[in-house]
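Asks: build me a structure from this.
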Amino acid sequence: MSFGAAVASCMRNYVTFSGRAPRAEFWWFLLLTFVVQIVLSVLSGAAPPVMVIYVIAMLVLFLPSLAVYVRRLHDIDRSGWWVLIMLIPLINMIMVLVWHTRKGAQGDNRFGPDPLA
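Replies: Next up is the predicted model:
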């Protein structure tokens, strides 16, 4: 999955918390949010009115980020409620690296068909 396809898929599934998302979709969208956040942070330091754009961009990207996170958890056959582990500092970073770098469950699982099939 390319960068453009991943971003398009995440924005198309803006608030879809069911189904599965492959690794590429999750990591490409995470990269997009990281780059947007860095660019707007730098610009808001130089020009304070950009802070409004930064807040709007983060609000716009929040729900798609949460949705792709839940769908990625579904791909590794975990409940979406595991997203609450993000509230625990340090543990959340470890879990993101361990769980989200794993290959998704082969074939269909309880959350839907294999996105790579």
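Asks: every contact and neighbour count from this point should use C-alpha atoms.
Replies: Fine.
Asks: just the residues contacting the lowest-mean-pLDDT helix or strand in the chain, thanks.
Replies: Lowest on mean pLDDT, DSSP states H and E among the helices and strands of the chain sits helix 91-100, with a mean of 84. Helix 91-100 is contacted from outside by 23, 72-73, 76, 85-86, using C-alpha atoms under 8 Å, 6 or more residues apart in numbering.
Asks: tell me the pLDDT of the residue nearest to residue 109 when sequence neighbours are not counted.
Replies: Spatially, and ignoring its direct neighbours in sequence, residue 109 is nearest to residue 77 (6.8 Å; C-alpha to C-alpha, 6 or more residues apart in numbering). Looking at residue 77, its pLDDT reads 86.
Asks: which ones are touching residue 77?
Replies: Contacts of residue 77 by C-alpha under 8 Å, 6+ apart are 104-105, 109-111.
Asks: now the two most distant members of those residues.
Replies: Farthest pair in the contacts of residue 77 (C-alpha to C-alpha) is 104 and 110. Separation: 12.7 Å.
Asks: okay, the angle between the longest helix along the chain and helix 91-100?
Replies: Using DSSP state H to define each element, the chain has its longest helix at helix 50-75. If you take axes from the mean of the first three to the mean of the last three C-alpha atoms, to 10 degrees, helix 50-75 sits at 50 degrees to helix 91-100.
Asks: who does helix 50-75 touch, helix- and strand-wise?
Replies: Contacts defined by 3 or more C-alpha pairs under 8 Å, 6 or more residues apart in numbering; DSSP states H and E place helix 50-75 against helix 3-12, helix 23-46, helix 91-100.
Asks: highest neighbour count among the contacts of helix 91-100?
Replies: Counting neighbours by other C-alpha atoms under 10 Å, residue 72 comes out on top of the contacts of helix 91-100 with 28 neighbours.
Asks: what sits closest to it if chain neighbours are left out?
Replies: residue 21 (4.8 Å).
Asks: count the neighbours of the one you found for me.
Replies: Around residue 21 there are 25 residues (other C-alpha under 10 Å).
Asks: quick one on the thing from earlier: and the longest helix of the chain, how far out from the chain middle?
Replies: The gap between where helix 50-75 is centred and where its chain is centred comes out at 7 Å by C-alpha atoms, centre = their mean, to the nearest Å.
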